[in-house]
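1. the following comprises the amino acid sequence and a computationally predicted model.
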Amino acid sequence: MNGLAKVTNRSILDGLRRRVSVARSAWVDELPSILWSLRTTSKTATAESPYSLVFGTEAVLPPEVVFPTPRIKSYEEKMSIHGLRACLDLLEEKRADAHLKDLSYKRVVARIYN
């Protein structure tokens, strides 16, 4: 697992270098957006984001950062709650599917390098 931590830390540092040099701001101000992007971006091995594997749904921006999009304009709380419950029912299946994709990805990578 130490390798995974190193890769994650490297991704965080790369993101911080890009954001801090462009925005000319403190790294502390940019860290939450870097972490958000890492947690909500799909990974190649599983074709899922870490956020969706944990919570069973795709991430939506917090209310403080609302942009007028069709998805937000057509939001209905009742339908959202119903959709979240349906996603939670399928969460174990989604995790198992991501695990199978990860194993398949590892086999392909091993085949290429061996």
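-> Nice, thanks for sending it over.
2. how about the helices in the protein?
-> With DSSP state H as the criterion, the chain has helices at 2-23, 27-40, 50-55, 70-73, 77-89, 91-113.
3. nearest residue to the residue nearest in space to the middle of the chain other than its sequence neighbours?
-> Closest residue to the average C-alpha location of the chain: residue 40 at 2.0 Å, with C-alpha atoms, centre = their mean. In this structure, residue 40 finds its nearest non-sequential neighbour in residue 59, 4.3 Å apart by C-beta to C-beta, 6 or more residues apart in numbering. The C-beta positions use only the backbone N, C-alpha and C, and glycine is treated the same way.
4. for the one you found, grab phi and psi.
-> phi -80, psi 140 (degrees, to the nearest 10).
5. contacts only, for it.
-> 36, 39, 40, 49, 51, 52 (C-beta atoms under 8 Å, 6 or more residues apart in numbering).
6. would you mind measuring from it to residue 46?
-> Note on residue 59: its distance to residue 46, by C-beta to C-beta, to the nearest Å, is 15 Å.
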